[in-house]
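In: Sharing a model that was predicted from the sequence below.
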Amino acid sequence: MTSLGSQGSSSSSSTEYVVRVPKNTNKKYSIMAFNAGDKVSCSTWTQARMERDMSNRRIYGEEETQEGAAGSEFGKKQREEARRKKYGIITKEFKVEDQPWILKVNGKAGRRFKGIKKGGVTENASYYIFTQSADGAFEAFPVHAWYNFTPQAKHRTLTAEEAEEEWGRRNKVVNHFSIMLQRRLREQERGGGDEDEEEGEKGAKKKKKGGRGGDLRIHDLEEDLEMSSDESDGSNGDGEDDEAKAKAKKEKGAKGKGKKKKKKGSDLEGFEDSDDGDFEGLEVDYMSDESSSEEEEPEKTKPNKGEDVPKGIDEMSESEEESEEETKNEEENKEEEEEEDGKKTPVQVEKKKKKDSSGESDSSEDSDIEGEAASALFMVKKRTPPKRGGGRGSAGSSRTGSRPGTPSIDNAATSNTLRAAASKLEQGKRQTTVPSSETPAAKRLKMEPSPQSSSGKSTPQPASGKSTPSASDVLLTEDAVRRYLIRKPMTTKDLLKKFQTKRTGLSSEQTVNVLAQILKRLNPERKNINDKMHFYLTE
Amino acid sequence: MSDKGHDVDLTRAKQNTGVWLVKVPKYLSQQWAKASGRGEVGKLKIGKAQGKTVVSFNLNEELTVVDCSGEKISSVRSPREHPFTMQTVGGQTLAVFTESSDKIALEGMVVQRAECRPAVSESYMKLKKLQIEESTKPLRFSQRLEKAITTNYKPVSNHSHNLEYEKRKKEEGKRARADKQKVLEMLFSAFEKHQFYNIRDLVDITKQPVIYLKEILREIGVYNSRGPHKSTWELKPEYRHYQEGQEEEKEAAKME
């Protein structure tokens, strides 16, 4: 019944087809919609299986309690019905027609799709499928339903709780692959073997790599150690080593930072919530013993201010700094002997402690010093076990006595009073802030003696290749006061501020007394500036 | 009732059959539903004009009659010319599958999407006007009655329902105390069916006066005043065996 006719119009030619709407068909036509991005090609399917997804039945369908005998009441059903009618509760029926489809293509190993019915398709307009039949006529079939098919992930995903957890740590965790790895290990299903390889490959392609090991971690401190050694688990370690040099410094900085921050975060977990921006407005005490050169102080404060949470630009600049150090460290480690290993790690540890303490002491009270001292103790104690034997052994070449970093800190750790430990920490911090603010060239030299001198003595640091004096002395001594007064005139209030009770470990009364004695001894000259009495010395 | 896992028939899919998906206005689909015979509804004209493909659908004459409610003969006719606007399939891959009572088959892929539009004409406007009028009519409306309805709520000395009830009660009479053993048997068989009973239901079942029944119940049962099954009676634990062999055990318990 085709009628082929060409119209006589000048520039157009058309063919006519008859359109039929078959009436008696028992087939219901539906649309299966795939997203173009999923690259679905039906011609590639060898086999497909489709069934309704009945998983919602127990939600919508009535839960049938067992009938008869145990647990049932006489007339329960009627009573329930009457109750529902009274309150007007209408429960939706479970319609099989509206349930989603599950489409399995190419068997078990193939793709899976879930097709959810799209509502409102047939409400205001009807869709028809026009197919051309054998006799050239068009047949139009109405579309009964529209299903949007989405591919279902075969890889494992995080549950809602886990996702929330990870979201909370998003700023700290840098190695995203370990998240799934951890999950798997947690569930103890398969060994990390296959997945590690997979992740390693992926890691090679991706930019960010962190040092977060996948094995059961007793303490995050071990991450740091693992990072520098080759024993780090699986391909994460390999990936690190490969990439550490190859990739930009930024990643390394970010990784190191990520680790530190992660550790700091975990340390802080017991104490306070560390939210972004909480520490932004904090005042940081400038290290009083440093020379007042401009470039040092900001650099000093930046690491101090670094706290645990990255803050945009600050973070980047910090990470640049630290990454420089760290890359330096890494390069040295690789190039030099293993002593660098040990050297770097104590520096790191001290840096961490500095971060910790700076974070804590700035914003809180004495109790936090104890807390941080405790964490430092904890850190140190844990650290000693996983020492890399080889690296440590040969380290004694360039320094005095035993391994500087660990034992000295151990000494600090074994001091009985927490106050003493805190003050020692401060020293250790001061000594490391000094190297951290140095120019790279001098950094290495700095680092060598710095752990050396952090042996818990309160003597000023020996000459370390730096021109300016750099005693990181927190204690309230005549020398310290003299130095201040030589530099510039100060009031008693200023002086007191310089010797904060937290840092010196003395109470405010004691500080006042000692300061008064020192001033008597020094007998500084007085000048009235802005109606305030300033002291100064001229040498 | 639900088809469980049908293998999809992929023969048409393999042939790469292409179909068109056309959006058709509601009134047109209604007209198409009235088609007779083989279902021929009209003619589709595909042509090329100035390089572009022009598709148009022409409705058959007999199908242009529009029924509208409330009028016998409508003067409104649906339009006949319907140009198609062609669209690309674009961001979606659309496939068509059919479900029949026993199988699911993939019919093909959509290669072209189109929208069937009515050619704007006088008749179309009239049709639309009609549609709007119909749709704006409220579903419920108030109508004034000329006469008041007097067949309901007439005063009555005693309602028929009441009368029946009283008669029934008189017939039944007061409940007599039956033999204790018999009552126990009734109770046990009732508790076999359900675990928890309201006292009212038990009275109904056993047809015993309440006080007597309560006495017996106190012997063999326990009253739940709290909990999920509130204010219900259930058998005492020693009488209670809701698995196989409860008959014998209950008998044994009864004998004690």
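Out: It's in.
In: Those residues of the stretch 351-500 of chain A touching chain B, which are they?
Out: For the stretch 351-500 of chain A, the contact set with chain B under CB under 8 Å from any CB of the partner chain is empty. Bear in mind the C-beta positions are built from the backbone N, C-alpha and C, glycine included.
In: any low-confidence regions in the chain?
Out: Let's take chain A. A:1-12, A:59-72, A:189-279, A:281, A:284, A:287-474 (pLDDT under 70).
In: my bad, chain B
Out: Those would be B:1-4, B:68-74, B:243-256, if you go by pLDDT under 70 across chain B.
In: For it, which segments count as strands?
Out: Ranges of strands within chain B are B:6-9, B:18-25, B:40-49, B:52-59, B:81-87, B:92-99, B:104-116, B:194-196, B:221-224, B:232-235, based on DSSP state E.
In: nearest to A:Thr25, of those strands?
Out: strand B:92-99 (8.8 Å; CB to CB).
In: Does that closest one reach chain A?
Out: Yes: using CB under 8 Å from any CB, strand B:92-99 reaches chain A at B:Gln92, B:Thr93, B:Leu94, B:Ala95, B:Val96, B:Phe97, B:Thr98, B:Glu99.
In: how close does the fifth one get to A:Val143?
Out: Put plainly, it is B:Val96. 8 Å (CB to CB, to the nearest Å).
In: and what of the first one?
Out: B:Gln92 sits 14 Å away from A:Val143, going by CB to CB.
In: Would you mind telling me which of those two has more residues around it?
Out: A:Val143 (20 against 16; other CB atoms under 10 Å in any protein chain shown).
In: Which single residue of chain A ends up nearest chain B?
Out: Chain B sits closest to A:Ser14 of chain A, with a gap of 2.5 Å, by CB to the nearest CB.
In: Only the buried residues of the strand or helix carrying that residue, if you could.
Out: Taking DSSP states H and E as the criterion, A:Ser14 maps to strand A:12-20. Of all the residues in strand A:12-20, those buried under the rule 16 or more other CB atoms under 10 Å in any protein chain shown are A:Ser12, A:Ser14, A:Thr15, A:Glu16, A:Tyr17, A:Val18, A:Val19, A:Arg20.
In: Go through those and name the one nearest B:Thr232.
Out: A:Arg20 (65.9 Å).
In: What's the separation between A:Tyr484 and A:Phe499?
Out: 9 Å.
In: Which one of these two is surrounded by more residues?
Out: The neighbour count for A:Tyr484 versus A:Phe499, taken as other CB under 10 Å, is higher for A:Phe499 (24 against 21).
In: which residues does the closest residue to chain A within chain B bridge with?
Out: Nearest to chain A, among the residues of chain B, is B:Gly47, at 2.5 Å (CB to the nearest CB). Beta bridges link B:Gly47 to A:Ser14, B:Val54, judged by DSSP bridges.
In: how many other residues sit next to it?
Out: 18.
In: surely it meets B:Val54?
Out: Yes: counting by CB atoms under 8 Å, B:Gly47 does reach B:Val54; the two are 5.1 Å apart.
In: Kindly report the domain assignment for chain B.
Out: B:8-135, B:177-244 (the TED database).
In: Show me what the helix or strand hosting A:His534 is in contact with.
Out: Using DSSP H and E, A:His534 sits within strand A:532-536. Contact with strand A:532-536 is made by A:485-486, A:488-492, A:495, A:519, A:524-528, as judged by CB atoms under 8 Å, 6 or more residues apart in numbering or on different chains.
In: Okay, and which of those map to strands?
Out: Per DSSP E, the subset of the contacts of strand A:532-536 in strands is A:Glu525, A:Arg526, A:Lys527, A:Asn528.
In: Among these, which ones lie close to chain B?
Out: Applying CB under 8 Å from any CB to those, none is adjacent to chain B.
In: which residues do B:Val96 and A:Val143 both contact?
Out: A:Tyr29, A:Ser30, A:Ile31, A:Ile129, B:Leu21.
In: Out of those, flag the one nearest to B:Lys180.
Out: A:Ser30 (67.3 Å).
In: pretty sure the closest one is touching B:Ala95, no?
Out: No: judged on CB under 8 Å, A:Ser30 makes no contact with B:Ala95 at a distance of 9.6 Å.
In: and for those two, which residues touch both?
Out: Joint contacts of A:Ser30 and B:Ala95 (CB under 8 Å, 6+ apart) do not exist.
In: Give me the angle between the strand ranked longest in chain A and strand B:52-59.
Out: For chain A, the strand that runs over the most residues, judged by DSSP E, is strand A:138-151. Counting by axes from the mean of the first three to the mean of the last three CA atoms, to 10 degrees, strand A:138-151 lies at 120 degrees to strand B:52-59.
In: buried residues in strand A:138-151?
Out: A:138-149, A:151.
In: got it, and stretch B:232-243?
Out: For stretch B:232-243, by 16+ other CB under 10 Å, it's B:Thr232, B:Trp233, B:Glu234, B:Leu235, B:Tyr239, B:Arg240, B:His241.
In: Can you name the residues bridging to the first one?
Out: This means B:Thr232. Bridge pairing for B:Thr232 - DSSP bridges - gives B:Asn224.
In: Wait, it touches B:Leu202, no?
Out: No: B:Thr232 is not in contact with B:Leu202 according to CB under 8 Å; the separation is 9.6 Å.
In: just the helices in the stretch 101-250 of chain B please.
Out: In the stretch 101-250 of chain B, the helices defined using DSSP state H, counting those that start in this stretch lie at B:122-136, B:160-172, B:180-193, B:199-206, B:210-220, B:246-255.
In: Compute the inter-axis angle for the longest one and strand B:81-87.
Out: It refers to helix B:122-136. Going by the same axes, to 10 degrees, helix B:122-136 makes 80 degrees with strand B:81-87.
In: any bit of helix B:122-136 sitting next to chain A?
Out: No: legend: contact between helix B:122-136 and chain A by CB under 8 Å from any CB is lacking; minimum distance shown is 11.2 Å.
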